[in-house]
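>>> Sequence plus predicted model, see below.
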Amino acid sequence: MAAKECILAIDLGTSGCKAALVDMTGKVLAWEFQAVPVFLLPDGGAEQNPEDWWQALVHTSRALVQRGVVSPSAILAICCSTQGECTVAVDAQGKPLMNAILWMDSRGARYLDKLTGGFIRIAGYGALKLIRWVRLTGGAPAMSGKDPAAHMLFVKHACPAVYAKTHKFLSALDYLNLRLTGRYVTTFDSVLTSWVTDNRDPSNIRYHAGLVRDSGIGPERFPDIVPCTEVLGPVAAEFADAVGLGGHTQVVAGAIDTSAAAVGAGAVRDYQAHLYVGTSSWLAAHVPFKKTDILASLASVPCAVPARYLLIALQATAGGNLAYLRDTFFFGNDALANGPAPADAYDRMCALAETSPPGSKGLLYTPWIYGERCPVENRSVRAGFHNLSLDHSRGDIVRSVLEGIALNTRWMLGPFEKNLGRKTEAIHIVGGGANSELWCQIFADVLGRPIRQLAEPIQANVRGAAFIGAAGLGACRLENVHELVRFRRTYEPRRDTSPTYDRLFQEFREVYRKNHAIHARLNEYFARKGA
């Protein structure tokens, strides 16, 4: 293929939509971004407007094509990576019937008891139901209500008029593919957290009639399942005309963010771990086996790489803690500094953190600002600064947040490596957080593992989507992607920081053990008050 032939790769995250032109070697030629608002509701709701997704996709794609970096004829395919665990109810014409329910939304938790309950319970689940879910799918509906299994029940019970008109329940990825091709499909990885599939053969993910029946959702409301590398057909004329593409451009099914980032990070060999640090965070590695750890809330699940599973340990909020600190205390309407945060806000915050020593002078931050997923599934636990004193500076506060997120990652690393069956070697790091040299070094020191920072780490998702698109066209093999990715630097753990971080980690776990019940009582009390 000619060097300029490329993929139009899409990364739809919680914060917005990025479109990029990526060549067949994974080089990002150009990209555009448009923010998308999130609507947080007082009852635990978190929503976005699917039309905002679509308009952002059209706007960024059109802007890219108009820049003339490559000829439209050289754009061979479009492939999307999106946030996972979102739910969009659409009618028979494909029109959204309400806002999309996001991965942060917990309103469906109240409807889970009938689905998950039983006479004998394990971790809150009916024992027989849990055994079947784990055996077939590798996991089970999140008791927090933050996945499509609960989202769909919320629509059914709280919005019955919407449910009655629902033709299909789609994820964010499924919805974009519908708009791009007119096809109602879902991918191996995107359908996972509906918890209605038999995942025992990673090459043949299919619906399980019993799980679908017991989900409480009509089977006709689930879309067809396809592999991530499936070519869905030529792009719809509406989109091609709007952005200036030719009718030859194909649409490849794509993947959710965890699957795409693993490919974009070059961590495609068995047991090779990567760490993604964005609004949320995760540790993941491809493995040749299906396995579930119920107590630690992690599992190996279907993914984009053929005949493999992706072992994932998910942290609910990582960089989201920094965004909250930025907008509430440093910049933004609620902060003392007037006006929106400047473009270099994170750089300025990290510069402050560099003035603080390892350990932040004993200041400990727990990053559970929106509950936690792993190694504990707890939607009521909350964040906090511990041991704060008049001696602490703004730099100490920022550094403690960076360290707290790394300490939570270390907490996940224990069960992650246990289930991996070996100690991780060098960990590839990607996502917006991986741009910070300071944070990369903190992760290396706290985890005690070399951290390999990818070149352009923030482009991991679009790079992964591009590789998936290229694989769909037969232009590459996902198993060989590790030969194409490039690294900026490797950060080695520093021995002199180990005693400090070992002590902080010990106290970090103690903070959870001694305080999570307090968080539950406080949140229950104020929920009853409607505050």
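Structure received. Residues are numbered from 1 along each chain as shown.

>>> C-alpha from now on. contacts and neighbour counts both.
OK.

>>> what about the stretch 401-531 of the chain, any weak spots by pLDDT?
Scanning the stretch 401-531 of the chain with the threshold set as pLDDT under 70 gives 531.

>>> Ok, the chain next?
1-3, 333-339, 531.

>>> count of residues packed around N321?
Using other CA atoms under 10 Å, N321 is surrounded by 21 other residues.

>>> do the same with the one 3 residues further on
As a burial measure, Y324 scores 14 neighbours (other CA under 10 Å).

>>> number of nearby residues for N387?
That count, for N387 with other CA under 10 Å as the rule, works out to 11.

>>> what residues are up against it?
362-364 (CA atoms under 8 Å, 6 or more residues apart in numbering).

>>> Recalculate using a threshold of 10 Å.
361-365 (CA atoms under 10 Å, 6 or more residues apart in numbering).

>>> Tell me the gap between stretch 230-250 and the middle of its chain.
Remark: stretch 230-250 is offset 27 Å from the chain centroid, using CA atoms, centre = their mean, to the nearest Å.

>>> And stretch 188-200, by the same measure?
16 Å.

>>> Report the backbone C-alpha coordinates of that stretch in PDB.
Only the C-alpha atoms of stretch 188-200 are listed here, as PDB (Å, rounded to 0.1, in the frame of the first residue of the first chain):
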ATOM      1  CA  PHE A 188     -17.400  -8.900  21.000                       C
ATOM      2  CA  ASP A 189     -16.200  -6.400  23.600                       C
ATOM      3  CA  SER A 190     -19.000  -3.800  23.500                       C
ATOM      4  CA  VAL A 191     -21.800  -6.300  24.300                       C
ATOM      5  CA  LEU A 192     -19.900  -7.800  27.300                       C
ATOM      6  CA  THR A 193     -21.400  -5.800  30.100                       C
ATOM      7  CA  SER A 194     -25.000  -6.500  29.100                       C
ATOM      8  CA  TRP A 195     -24.000  -9.900  30.600                       C
ATOM      9  CA  VAL A 196     -26.100 -12.000  28.200                       C
ATOM     10  CA  THR A 197     -23.400 -13.700  26.100                       C
ATOM     11  CA  ASP A 198     -21.500 -17.000  26.100                       C
ATOM     12  CA  ASN A 199     -17.900 -15.900  26.000                       C
ATOM     13  CA  ARG A 200     -16.200 -19.400  26.400                       C
END
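
>>> Now do the buried residues in it.
By 16 or more other CA atoms under 10 Å, the buried positions in stretch 188-200 come out as 188-200.

>>> Export the contacts of N387 to TSV and append columns for secondary structure, neighbour count and distance to C159.
TSV is the format used below for the contacts of N387 (DSSP: H, G, I helix; E, B strand; the rest coil; neighbours: other CA atoms under 10 Å; distance: CA to CA, whole Å):
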residue	secondary structure	neighbour count	distance to C159
K361	helix	19	50
G362	helix	18	48
L363	coil	20	45
L364	strand	26	42
Y365	strand	27	39
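
>>> Quickly name whichever of these is closest to F239.
Closest approach to F239 among those (CA to CA): Y365, at 45.8 Å.

>>> Okay, and the beta partners of the closest one?
F385 (DSSP bridges).

>>> And it, how close does it get to S380?
Taking CA to CA, to the nearest Å as the measure, Y365 falls 17 Å from S380.

>>> Run a quick check on G474 versus T229, I expect a contact.
Yes - counting by CA atoms under 10 Å, G474 touches T229, with 9.4 Å between them.

>>> Compare the two (neighbour count), which wins?
Remark: of G474 and T229, T229 carries more neighbours, 27 against 10, as counted by other CA under 10 Å.
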